[in-house]
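Q: need a structure here:
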Amino acid sequence: MKRRIEYRTSMVAGVVVLGLLAYAYAWSGFYNIGADSPHEPLTYRFLTMVREHSVQRHARDISVPNLDDPTLILKGAGQYAAMCTGCHLAPGMSDSEIRAGLYPQPPNLSQQRIEPREAFWIIKHGVKMSGMPAWGATHDDPTIWSMVAFLQKLPGMTPAQYKDVVAKAPPDNDMDMDMGAGKQGAHDGSGETSH
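A: Numbers count the residues shown, from 1 in each chain. The predicted model follows:
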């Protein structure tokens, strides 16, 4: 019995010491948080695990609507072209000015399909310390679902198919108002909105 208590006390003390050492290291400022300096492999794996498990847990009970609605997909194409291509690229894009400086590097969504519940949760709530904003602060759920619907079709699109679907997308007048100018914008398919 005494040996068991000593063992538990040693374990608790060890955990406390490790916690204090980790806190002291963080407080010291030695860890380089610059986006141009990659994490150590163990740190990167740990943070990736935290992100993936958190998204899976928070997204698991989300109810997915019909994502095959052509109107929804077209609306999502316009949203994606206006808000997402700078970081997540589009068919025919290999890099962008902002993406080159982001760490971790955002996924190229023109080449990768994301599970719909997880895509919705990430778009709505963002991801801390990654550059991924919480679009739920400025966009309603139906608009976010339109982006998710489009993301399901994006991988495998040719640059011409992408440009064609974006050209057919309805203008997003609310976004133009949010941008401050109050002008009607036209999507040119490159991720930019011209006024």
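Q: which residues sit in contact with the spatially most central residue of the chain?
A: Centroid-nearest residue in the chain: M132, 4.5 Å away (criterion: C-alpha atoms, centre = their mean). When contacts are counted by C-beta atoms under 8 Å, 6 or more residues apart in numbering, M132 is found next to 87, 106, 122, 126. Placement of C-beta: from N, CA and C, glycine included.
Q: what's the closest non-adjacent residue to the first one?
A: Going back to what we said before, that points to C87. P106 (4.4 Å; C-beta to C-beta, 6 or more residues apart in numbering).
Q: Count residues in the vicinity of the one you found, would you?
A: 19 (other C-beta atoms under 10 Å).
Q: W135 too?
A: 19.
Q: ok so, going back, can you select the buried ones from the contacts of M132 in PyMOL?
A: Those of the contacts of M132 that count as buried under 16 or more other C-beta atoms under 10 Å are selected in PyMOL with:
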select buried, resi 87+106+122
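Q: Helices - which of the contacts of M132 land there?
A: In this view, these that belong to helices under DSSP state H are 87, 122.
Q: which one among the contacts of M132 gets closest to V64?
A: Checking the contacts of M132 against V64 with C-beta to C-beta, the nearest one is I122 at 14.1 Å.
Q: any idea how far L47 is from that closest one?
A: Counting by C-beta to C-beta, to the nearest Å, the gap from I122 to L47 is 15 Å.
Q: Repeat that for C84.
A: C84 is 22 Å from L47, by C-beta to C-beta.
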